[in-house]
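Q: Just a sequence and a predicted model for now, questions to come.
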Amino acid sequence: MEANQPHTPPAAAEGLVSVSGLTRQFPVGRSLFRRATSFIHAVDDVSFQLNAGDSLGLVGESGCGKTTVGKLLVKLLEPTSGRITYRLPGLDGAAGQENAPLEASAIIGRQLRTFRRQVQMIFQDPYESMNPRRTIYDTIAEPLAVQGMGTVLDRVDMVSEILMLVGLTPPATFLFRHPHELSGGQRQRVAIARALVVEPAFVVADEPTSMLDVSSRTGIMNLMQQLAHGLGIAYLYVTHDLAVARYMCHRIAVMYLGKIVELAETEELLRNPLHPYTRALLSAVPVPNPEYRREPPSIVGDLTAPIDPPERCRFFDRCPLATHYCRDNPHPAFEEKAPGHWVACYEV
Amino acid sequence: MITPPNFPPPGSASDPPVVEVGHSRLRLLIARTRLALHSFRAGWSIFMESRIGVLSLVIIGVFAIMAVAHPILMLTIWDAETYDPVTGYAFDQVDQPSAPSWRHPLGTDPLGRDVLSQLLWSTRSEFVLGITAALVTVAIATTVGAVSAYYGGLVDVFFMRLADLIIALPGISLLIVLSALFKLNLFYLALVIGILGGFGGTAIILKSQALSIKVKPYIEAARVAGGGHFHIIFVHIIPNLLPLSLLYMMFTVTSAIFAEAVLSFLGLLDLRMSWGIMIHTANTGGYLMGGTRYWWLVVPAGASITLLCSAFYLGGRALDEVVNPRLRRRHD
Ligand SMILES: Nc1ncnc2c1ncn2[C@@H]1O[C@H](COP(=O)(O)OP(=O)(O)OP(=O)(O)O)[C@@H](O)[C@H]1O
Ligand code: SF4
Ligand SMILES: [Mg+2]
């Protein structure tokens, strides 16, 4: 995908994380004796940047590839093509100069250990993302222990401290309990504690509130935001809810079937949505101003899985503005239509 | 919808409150011991609720007492000349084998040796054999299963084809060939049974369980935390496999004791005495043909084999309920 990459990634060149042309495909129906002939284009030619202390919301329907982007960023998955570069404290680029960008594919061995300290992920499901046989202490101390940070006693202190930060007090009553003895909200606090205990520079939060009841959601979101701002952590916040992204993030990227279709500052995106898909999403979000009426653009058709999708615009089948031009041309390029406002659509 | 409530300004959370933690390695140790005891007690109470679990424990307990009783009896009321299970001779009896009597509660065998003494002496070696074989099986099968599931690919193909091969080989006949070629004593027999079981069917069962553990999100979480292959296999996969391993340990004990009985009956093992050898001795003397007349030569050993094998098997089934919550009876 390097070849057809007419656009430079949005945002400044000093990115903590820069993604360009990122693509990940999953083979369909492969077996031991049969090579896959079709692929799910889970993430297709995605580009964006994130600066230190920045926050980006990744919004889209279920199955559009949000989690896959997150896993690619934390190196749980390898990209099919495209590149991710990091500028992380303690991780030097190939030339060895300080703070030169480092390619994700070049991070191996000892550098991978440093990387694991700087980049963390909070998982979607607080029930399945903790080993049921390990205590809260074991779970939170795991990144410290595997990276050899501190002695056992230091770790007890560090874990107790972070437990207090995430509001699980007094820590002594939580340290040696098992995950199943905690509520969903408490577990998600543990998950946050575990991600932050190593003081990372960048965190991917994969819908950390989607499995929680409404009453504990706000608490977790506030906590995430406070801690991230307080500790100067940049984060990618994955969610299917624009309102949550608006509340949590400086900028929002809207994703549709593996493509980012629009990216802008939060308020700009909400005030002036350009892509028909973003507009459709927004019509589902309550508008704070009761005087204002937004005409709901209709989305026609269903969400299809992106298995070997046709070359044309991904949104074509459901787009209310689709034209013959859209049908006959490849997926529109991701272009800066206004300062800092990137859109992939022929009709805007 | 989401209404941003007032939350403290950013940055206020960054000054950690002073934490008062009474810390000592001892505290950590005590907490862990308490936890281990707690989960053991929880499992124990489920086990004890099942009738077959209790029954199997009682039977195993009785055999354990028998195993301990032999050396004590030899030291106190049994003189070695008469009661040694291999070299003893009951001079007090005119005919050999002699029927049960006050001095020989289970009679004597065709060579004039006390049957009860033989039975008790053999109990210990059956335990040693069964438990050694089970430990070897489970150590191998758990590691092979976890490694095979975790790495997949060629490693997996190799171990699974090996397992298929071992399953395809007829177990007892293979043991017969091996014991004919090599002089198998108790330890080697345990080792062979353990290796065959460990690389065989048990490995496949534990691997399929490991596969379902491998895809759990907490494995990915461990990778993000920086855990290497070794860490993930030994800290996350194997501990979650252990309950099932324990179950298969019980079943292996059963098959080891059974295999020993068959091989000894055929006279293929290099053992001093065992339940199988007791039946073998009766058989070679032609006493198996005599109907129930010489029952004491066969029934004690035969019943012991059956009882101890069943006890471990039933214990395994009861453990299955502890390990496998889906099998648990509902209590409401
Ligand atoms: N390991 C995998 N193997 C095969 N297909 C996968 C894999 N992971 C994801 N996919 C597919 O890739 C697409 C994107 O999945 P992804 O989990 O990234 O979606 P998502 O946006 O996170 O959805 P949700 O909101 O439901 O979590 C889906 O069609 C999914 O089926
Ligand atoms: S390019 Fe055409 S089909 Fe695609 S979103 Fe824009 S108007 Fe719709
Ligand atoms: Mg997801």
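A: Received, thanks. Ligands and ions are numbered 1, 2, ... in the order given.

Q: for the helix or strand bottoming out on mean pLDDT in chain A, packing partners?
A: For chain A, the helix or strand with the lowest mean confidence is strand A:102-103, at a mean of 84 (criterion: mean pLDDT, DSSP states H and E). Helices and strands in packing contact with strand A:102-103 are listed as strand A:81-86; criterion 3 or more C-beta pairs under 8 Å, 6 or more residues apart in numbering or on different chains; DSSP states H and E. Bear in mind the C-beta positions are built from the backbone N, C-alpha and C, glycine included.

Q: State the mean pLDDT of the strand it packs on.
A: Confidence over strand A:81-86 (mean pLDDT, whole number) is 92.

Q: next one: stretch B:188-199
A: Averaged over stretch B:188-199, pLDDT sits at 90.

Q: now swap in stretch B:310-330 and tell me
A: Averaging the model's pLDDT scores along stretch B:310-330 yields 77.

Q: list the buried ones in that stretch?
A: Of the residues in stretch B:310-330, those scored as buried under the neighbour-count criterion (16 or more other C-beta atoms under 10 Å in any protein chain shown) are B:311-323.

Q: Just the residues contacting it, thanks.
A: For stretch B:310-330, the external contacting residues (C-beta atoms under 8 Å, 6 or more residues apart in numbering or on different chains) are B:43, B:46-47, B:49-50, B:52-53, B:55-57, B:59-60, B:63, B:130, B:243-244, B:246-248, B:250-251, B:253-254, B:257.

Q: Just the pLDDT for the residue of the stretch 101-250 of chain A found nearest ligand 2.
A: With C-beta to the nearest ligand atom as the measure, the residue in the stretch 101-250 of chain A that lies nearest ligand 2 is A:Leu242; the distance is 17.5 Å. Reported pLDDT at A:Leu242 in the predicted model: 91.

Q: That one and A:Val59: what is the separation?
A: Distance of A:Leu242 to A:Val59, computed by C-beta to C-beta, to the nearest Å: 5 Å.

Q: Check B:Asn185 too.
A: When distance is defined by C-beta to C-beta, B:Asn185 is 70 Å away from A:Val59.

Q: More neighbours: the two, which one.
A: In terms of neighbours (other C-beta atoms under 10 Å in any protein chain shown), A:Val59 is the more surrounded of B:Asn185 and A:Val59; the figures are 27 against 13.

Q: pLDDT weak spots in the stretch 201-332 of chain B?
A: B:290, B:325-332 (pLDDT under 70).

Q: please redo it, this time with the cut-off set to 50
A: Scanning the stretch 201-332 of chain B for pLDDT under 50 picks out the ranges B:330-332.

Q: in it, what residue is nearest ligand 1?
A: B:Val215 (9.2 Å).

Q: how about the strands of the stretch 151-300 of chain A, start to end?
A: For the stretch 151-300 of chain A, applying DSSP state E, counting those that start in this stretch gives strands covering A:202-206, A:234-239, A:251-256, A:259-265.

Q: Tell me where the longest helix sits in the chain.
A: With no chain named, the answer covers chain A. Longest helix in chain A by number of residues, with DSSP state H as the criterion: helix A:214-231.

Q: Correction: the question concerned chain B.
A: Of all segments of type helix in chain B, defined using DSSP H, the longest is helix B:115-151.

Q: how about it: buried residues?
A: Neighbour-count burial for helix B:115-151, counted by 16+ other C-beta under 10 Å, picks out B:115-127, B:129-138, B:140-150.

Q: pLDDT on it, on average?
A: Along helix B:115-151, the predicted local confidence has a mean pLDDT of 93.

Q: So what's the gap between it and the chain middle?
A: 5 Å (C-alpha atoms, centre = their mean, to the nearest Å).

Q: on that earlier part again, shared neighbours, A:Leu242 and A:Val59?
A: Overlap between the neighbourhoods of A:Leu242 and A:Val59 consists of A:Ile252, A:Leu281, taking contacts as C-beta under 8 Å, 6+ apart.
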